[in-house]
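Peer 1: Kindly return the folded structure for what I paste below:
(chains A, B, C, D, E and F)
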6 protein chains.
Amino acid sequence: MILGHLTWPEVDSMDRDVVVIIPTGSLEQHGPHLPLLTDTMLASAVAEEVERRSSGDCLLTPALWLGASGHHLPFAGTLSATFPGYVDALTRTIEGLANQGFHRFFVVNGHGGNSEPNGVALRALKEARPNLTLVHCGYFEFLKTEAELVLEGPSKEMHHACEAETSLMLHLHPGLVKLDRAVDDGLEPSPKIVGLVSSWDQVSGQGAMGYPSFARAATGKRLFEAAVGGVVAQVSALRTGIVYVGFPSGS
Amino acid sequence: MILGHLTWPEVDSMDRDVVVIIPTGSLEQHGPHLPLLTDTMLASAVAEEVERRSSGDCLLTPALWLGASGHHLPFAGTLSATFPGYVDALTRTIEGLANQGFHRFFVVNGHGGNSEPNGVALRALKEARPNLTLVHCGYFEFLKTEAELVLEGPSKEMHHACEAETSLMLHLHPGLVKLDRAVDDGLEPSPKIVGLVSSWDQVSGQGAMGYPSFARAATGKRLFEAAVGGVVAQVSALRTGIVYVGFPSGS
Amino acid sequence: MILGHLTWPEVDSMDRDVVVIIPTGSLEQHGPHLPLLTDTMLASAVAEEVERRSSGDCLLTPALWLGASGHHLPFAGTLSATFPGYVDALTRTIEGLANQGFHRFFVVNGHGGNSEPNGVALRALKEARPNLTLVHCGYFEFLKTEAELVLEGPSKEMHHACEAETSLMLHLHPGLVKLDRAVDDGLEPSPKIVGLVSSWDQVSGQGAMGYPSFARAATGKRLFEAAVGGVVAQVSALRTGIVYVGFPSGS
Amino acid sequence: MILGHLTWPEVDSMDRDVVVIIPTGSLEQHGPHLPLLTDTMLASAVAEEVERRSSGDCLLTPALWLGASGHHLPFAGTLSATFPGYVDALTRTIEGLANQGFHRFFVVNGHGGNSEPNGVALRALKEARPNLTLVHCGYFEFLKTEAELVLEGPSKEMHHACEAETSLMLHLHPGLVKLDRAVDDGLEPSPKIVGLVSSWDQVSGQGAMGYPSFARAATGKRLFEAAVGGVVAQVSALRTGIVYVGFPSGS
Amino acid sequence: MILGHLTWPEVDSMDRDVVVIIPTGSLEQHGPHLPLLTDTMLASAVAEEVERRSSGDCLLTPALWLGASGHHLPFAGTLSATFPGYVDALTRTIEGLANQGFHRFFVVNGHGGNSEPNGVALRALKEARPNLTLVHCGYFEFLKTEAELVLEGPSKEMHHACEAETSLMLHLHPGLVKLDRAVDDGLEPSPKIVGLVSSWDQVSGQGAMGYPSFARAATGKRLFEAAVGGVVAQVSALRTGIVYVGFPSGS
Amino acid sequence: MILGHLTWPEVDSMDRDVVVIIPTGSLEQHGPHLPLLTDTMLASAVAEEVERRSSGDCLLTPALWLGASGHHLPFAGTLSATFPGYVDALTRTIEGLANQGFHRFFVVNGHGGNSEPNGVALRALKEARPNLTLVHCGYFEFLKTEAELVLEGPSKEMHHACEAETSLMLHLHPGLVKLDRAVDDGLEPSPKIVGLVSSWDQVSGQGAMGYPSFARAATGKRLFEAAVGGVVAQVSALRTGIVYVGFPSGS
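Peer 2: Numbering: from 1, shown residues only, chains lettered A, B, ... in the order given. Predicted structure coming up:
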C-alpha cells in the first residue's frame, strides 16, 4: 500500500500491524556518470518492489531524499540536511504514524551516510516509545553475497558510484546513466586508519569509488533481486512478530 | 533541468543565473476522495510542466513532501513536520545551492499551511544573504481569475479537497481520485472571526472544504494551464532580473 | 483588566472565559518621521482602548515589542528577534495563562512582519492544546473600509510609515511625529513578482512606503475608531463563544 | 535618549560611545498587594530617571518584561520565559545595536531571577565579541546602604514584595498598591541550606517575603534616589571608559 | 557510595533518600603554576572526602569536567562547554537518577563560572519536577571564615589560581603544582563597575588573580577541612530532610 | 601528555602536530558483576597506556563519561546524555583545541552506543573544518584477532559485560568485579532482523550479553595489550601524517 496514494479513511481502517517502510536516500554527487538522486532512486525502487510483492503487509511512505551528505558537498549539485534536521524529519514521519497506532517501522536506507543519523533517530524514538519495533538498514546489506558472485571488477563490495551501484541504475534507470563518462576511481588513506572521517574530495578524484567501468544491467538485475528478496524476508518476519530467544547456544 | 537527474559535472558547468524551483507540498488528508499526497503532486506537476516549458531557464529540485500539516493530524494518514524541521529542510536546500553560486530561488508551494514557514525560512535567509533573490507563493495564486470563470459549484475559490483541487487531480491523476466518495463539506465559525486558528476536525466533517461534487477534469485542465502560465511568467521575469521602480504613481 | 496592574489573587479569582489580548509590535525603522516603536504603540493603543470599552471581558498583557524585523535591519535603530525566539516568547505568554485555565487568546498585531511567526506560534499551540481558542490578526485588518474612505493620498491602503500609520500616530502621539521630515517613498519590483521577499533597503529610500505627506490627525482618529471597533466586535464574539456552522450555502 | 521615541536617522547619527541601558523585569506575582509588573516598573523607573539625568550619555531600550520566573508560576498571573528564550531576547537586543556600532551595554535588572540568565547571555556575547563592554546588575545593588538606614521593619535587606519594594511602589505607583492587603510573610528552610533552589509556594504563604506592612512612600523615595544615583555613577564611569589597574595593593 | 563503582542491582536496591552529589569543575587555565583540571580536582576531592565520611548517606557521581569557561578561552589549553550543552549534561545527570526515584541532589561546584548555568539547570528542573530537592553551591562557600584566618597574603578571599586554590592543590596534588612559576597577578577595572563581564585576558596577565606566592600546603589542609566540613553538614541536613519555618523573627 | 595536568603555558608552547586523544565512555549498567563506569574505565585505561608509550606524540583529554546510553536506561544506575548534548560536548572539546591550532584528533571509544553520535559529531566538524584530521573508533576494533585466540567461552566476539569485557576489568580493576554474581546472559531476536533497534531489557535478563563466567585476568591482559598496540600504531600513523593513495589495485 502506497501511503501517498491512499485517502485518510483508507488509512483509518487499515490493520495497524502492517510494516511501515520508509526509504531514505540522498541528493548527492555520484561521479560523472550517475544522477544526483541515485541513492533515493535505488532505495525507492527496492521499497516499491517490496511493497508490490508484500500484498498488503506493508505501507510505503515517500522517500526522504534530503540526506546527510555533508561529506559530498565539495562536489556541485550535492544538497545535505543538517543532522538535527534529518533526524527531525525521520522522527516526525515515524511519530505521525505511531500516533495513529502503527508500531512496526522499517527504514530502508539507500545512502551509507544516513546510517548514523538513522540510528540516532530510531534509538531516541525507542527510548521514548519502547513498544515500537524499529529497524533501519541499507538495502545493500542484503546483496553482499550476490555481489561476491556477480561483480566482475576488482572489488566485490558496494562502494559509491561503483560497479554495483552503476549496474543497479543500468537495470532500473538506464536513461539516466552516462556510462561513457564513468571513471574507475577512489583513493584510500595510507597507512590505513580505522575510523578516519574523510571528505569526498580527499578520497576520490571524480566522485566515484570503485569500478563502474565493469557495470552491466544484468548484474544490476541480480543485485536488485537480492536486495528485494532480503527486504521482503525481513518484512515478512516483522509482520509475523519478533520473539527473543536465548543467546548463541554453547555454555 | 531536473536537478536529481543531472550529474555533478553538469551542475558544475551550469549557468548560475537560472531560477531554482523548489516545490513544497504535504502528505495530509484530503477528504475521502483525494490521496494524501495531493498537494505534493499538484505542486510538482506545475513545477515539472514549468521546467519543460522553460527550456533551460530553471533548475527543478525534488519536492519537499513533509509539510507543515499539524492542523490536519486529527485525520488518519496525515504526517507533519515540526515548524523548525520544515524551515531547516527548506533552508538547507536553498543554502546548498546558494553555496554553489545559484542565487535565484522560487518556492512553488502546493499547501496553504506551508506559506507561513516558507516565509519564515526565506526571510531569515534574506537577512543572512541579502544578495539572494527569494520568492515563495502557492501555485494557486495564479489561477484565481480562471477559477472565477470555470468553477461551477457555489464557491469560486480554492479551498481544500474542493472543486478546484479535485478537478486538478482528475486532470493529472484521475486514477487516484475516488470521486464517488467525495462529499461537499466544510464548516465555518459563526460569528466570523478574522485570524482564527482552527484544527480541521473543527471545520470539516470529512476533511474537505468546498464542493468537490462539481469537479471535472476539463476544469482541472484549465486551472492547471493558468497555474503553469503564471509560474512560467514569473520564472521568465526572475530570469531577466528584477529592478525596483517608483511606488504607485500618483502624487 | 490590565494584567500587569493586577495582583495574583485578583487573577486567581478571575473568570477564565475572558479574552486574553496580547499586543505584538516591533522596534524598527519607520522612515525619517515616525519613532521606532510605532508598531508597538499602535497595537498597544488599540488594545488598551478595547480593554477600556470591554468592561471586564478581556485581560490585556503587556506588548511584545521585540518583533520579527530582520527585513528592516539595514536601517539604524531597528532591533529584531530571531524567529524561534519570537515564537518562544509568544508561546510562553499564552502557555503561562493557559496553564492557569484561560483558554481564549487574541493576538492583536501591529507589525505585518509578525504575522507569519504569530501563525507558526499559534498553530503549534493549537496542535498541542486543541481546546484553546487562538486568534491572531493585525489591527489594520479592521480599518480597510475606512481607509478607502478617508485616505487622501494616491494609495488607499495601509503600507509602512504611510499616510495611514502617520495619521494614527498624529492622533495618538503627535509629539513623536516629525512630520516635516516625512518623505513620500517606496519602490516596487518590476516586473511585479508574487511572493518576492525583499529587504527594506531595496523597497524604500528613506524607510517609508506610501504617502505620509497626506497624513492628518483627523484621519488617524477615524482609522483608530475603525480598528478599535473591529477588535471590540471580535472580542465580543469570542466572549460569547464560537460555533461552527455549515459552509457557504449553495449545494 | 529613548530608543523607541527616536527615528532611524536620529539613531544613525548618534555617538556610538553612549551607554545603552536595557531594563529587565518580570511579570510575576508580588504578594496580594503589589501588581504583577512590579519588577518591570521599578527597573524601568530607575532606568528612565537615569536617562533623564544623563543628558545624552545613554540610550534607553524598552524593558524586557517577560522574565525568568519559573519559581513563581505556582501563583496565578505569573508568566515566565524559557531560559533559552530569555537569553535569546536579551542577546538579540544587544546584538542588534552592536551590529550598528554601539559597544557599551548596561542591563539594569529589576528581578533577581533574571540575574543568572543575564550572566549567561552576556558571557556568551563577550566570548563572541570581546570588544563589547557588557554590564548587568540589579538596581537594588545600589540601595543596600540606604536600606540599612531607612527600612523600619525587622529586615534591612531587599527581598520580594517586601518593605523596600513596596515602598518603592508607593513612591512611584501608589495607585497600584493595595497596602491594606499586604501580609508580612516568608518561610525559610531549616536547617539553612546554602544554594537550595526553592519554588515560591515553598517559601511564602501569600507570595511575599519580608515586611511590607512597614512600607512608606518616603522610604521608597530615598531608596529610589539611592538606586538612581548608583546607576548614574556607573553610566558615567562607563561613558568615560574603563581601564584595568593592578589588583588590590598589598604584596 | 561511588556511583561509577556500583553495579546496577546495587543501585536498584539502594535507599532513594540518599543525597546524590554531583561535582562540577572545569578544564581551564589556572595561571602558569596550576594544572588545567584544578577546579575539577578540587571539587572532586571535596566530594570524595565527603562521601567517605558520610557512610552511606550519599551517592557520588563522576565530575562534570567540561565547564562553562568561555571567559578563559584566550589562554591555551582551556576547553569550554556551550551554555546549553553544559545545562543539558547536568540536567540529564539529575533526570537519569530522578527517573529512578532519587530526589535529593547536591551539585558541589568547583568553578565560579559554572554557578550561573548550574542555577539555570536546577531552576528549570525544579519548575518541571517540584518534588525534587535541588542544591548547588561552590565548595568554596564553606571555607570563607577559615580563609580569613589562615590566608597570609594581602587578600583573604578565594579568587583564581590564588593563595587559597594553590594551597589546596599543594595539600592534595603537590606533584602537579609548579610553585616556582607562580606569579601574584590580577587586574581590576577602574573605576569599579558592579556586574562588569570581563574576559580573563583583561583581568590577568598570566591567568591568576591573587597571591599564589603565599600558598602553603598547611593552609590548603585547613581550607580543605573547612570545605569538607561544610559540605558534610549540608549533606547531613539534606539527609534528615528540610522543613520550612517562619521568616526571620521580628514582627 | 595529560592535558588536565598541564599548565596553560605548557600547552601554549606545545607542538600542534601531536595527536589529541579523547576517550569516550558511559555510565551504564554492565550486568550484576561489573561497575557502571566500565566503558569509561576501559577506554581511559587504553588511552592512558597509549599516552605513556607514545612519548610526547599525543595529548590526552579527560574522558567523556556521560555517554549515549538510552537503551540501557531500564536498568538502575544508568545515566544517558541526549544525543544533541553528547554531540555538543564532543564537538566543543575538539573545537576548543582546534581553535588553538591542534588539528589531529582521535576519539578512542569504549561504548558501542557512542559510535553513531561520535560519527555525527566528527562528520559535522569535518564539513565545517576540512583541514582537521578526525578519527573515531572503539578500542575494541583492535582486539578482534586476539579475542578469537584467547576467549574461552562459546562466543569469540566482544559483546557487553561479556567474557572479554569482564576479563579486561579483572586485569585492570579486579577490586571492582563481583565475579561471583556474573551470569551468562543474552537474548536475540528470532528470526534475526538486520538493523533492529532494541532496548536492553529486551535482549538481556540481567544486563549482560555473553559469557562472563569464562572471564580471566590473563585473558584481559592479552586483550588489553592488543587494544593498546592497535591504538599506538594508529597514533603513530596519524603523527606521521596521512596520504591518500590509489584505490585497491586491480584494473
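Peer 1: ranges for the strands of chain A?
Peer 2: Counting by DSSP state E, chain A has strands at residues A:19-24, A:58-60, A:104-109, A:133-138, A:187-190, A:196-197, A:243-246.
Peer 1: Save those strands as JSON lines, and put in mean pLDDT, mean neighbour count and distance to E:D15 too.
Peer 2: Every C-beta, even on glycine, is put in place using the N, C-alpha and C of the backbone. Below are the strands of chain A laid out as JSON lines (pLDDT from 0 to 100; neighbours: other CB atoms under 10 Å in any protein chain shown; distance: least, CB to CB, whole Å):
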{"stretch": "strand A:19-24", "mean pLDDT": "98", "mean neighbour count": "26", "distance to E:D15": "44"}
{"stretch": "strand A:58-60", "mean pLDDT": "98", "mean neighbour count": "24", "distance to E:D15": "49"}
{"stretch": "strand A:104-109", "mean pLDDT": "98", "mean neighbour count": "26", "distance to E:D15": "40"}
{"stretch": "strand A:133-138", "mean pLDDT": "98", "mean neighbour count": "22", "distance to E:D15": "36"}
{"stretch": "strand A:187-190", "mean pLDDT": "90", "mean neighbour count": "17", "distance to E:D15": "53"}
{"stretch": "strand A:196-197", "mean pLDDT": "97", "mean neighbour count": "22", "distance to E:D15": "46"}
{"stretch": "strand A:243-246", "mean pLDDT": "88", "mean neighbour count": "12", "distance to E:D15": "33"}
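Peer 1: Relative to chain B, which of those strands is closest?
Peer 2: strand A:58-60 (9.5 Å; CB to the nearest CB).
Peer 1: From the contact counts, what lies against that closest one?
Peer 2: Contacting strand A:58-60 under the criterion 3 or more CB pairs under 8 Å, 6 or more residues apart in numbering or on different chains; DSSP states H and E are the following elements: strand A:19-24, helix A:38-53.
Peer 1: low-confidence ranges in the stretch 1-150 of chain A?
Peer 2: Scanning the stretch 1-150 of chain A for pLDDT under 70 picks out no residues.
Peer 1: Please, where are all the helices along it?
Peer 2: Along the stretch 1-150 of chain A, counting by DSSP state H, counting those that start in this stretch, helices occupy A:8-12, A:38-53, A:83-98, A:115-128, A:144-150.
Peer 1: My guess is A:R16 contacts A:H103. True?
Peer 2: Yes. Using CB atoms under 8 Å, A:R16 makes contact with A:H103 at a distance of 6.6 Å.
Peer 1: State which one residue of the stretch 101-250 of chain A is found closest to chain E.
Peer 2: A:E127 (11.2 Å).
Peer 1: Distance check, that residue against chain B.
Peer 2: Distance, A:E127 to chain B, by CB to the nearest CB, to the nearest Å: 18 Å.
Peer 1: For the residue nearest to that residue when sequence neighbours are not counted, give me its contacts.
Peer 2: In space, and not counting its chain neighbours, A:E127 is closest to F:G70: 3.7 Å by CB to CB, 6 or more residues apart in numbering or on different chains. F:G70 sits next to A:123-124, A:126-127, F:80, F:113 when contact means CB atoms under 8 Å, 6 or more residues apart in numbering or on different chains.
Peer 1: Format those as JSON lines; extra columns: distance to A:L59.
Peer 2: Shown next, in JSON lines, are the contacts of F:G70 (distance: CB to CB, whole Å):
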{"residue": "A:R123", "distance to A:L59": "23"}
{"residue": "A:A124", "distance to A:L59": "22"}
{"residue": "A:K126", "distance to A:L59": "20"}
{"residue": "A:E127", "distance to A:L59": "24"}
{"residue": "F:S80", "distance to A:L59": "31"}
{"residue": "F:G113", "distance to A:L59": "30"}
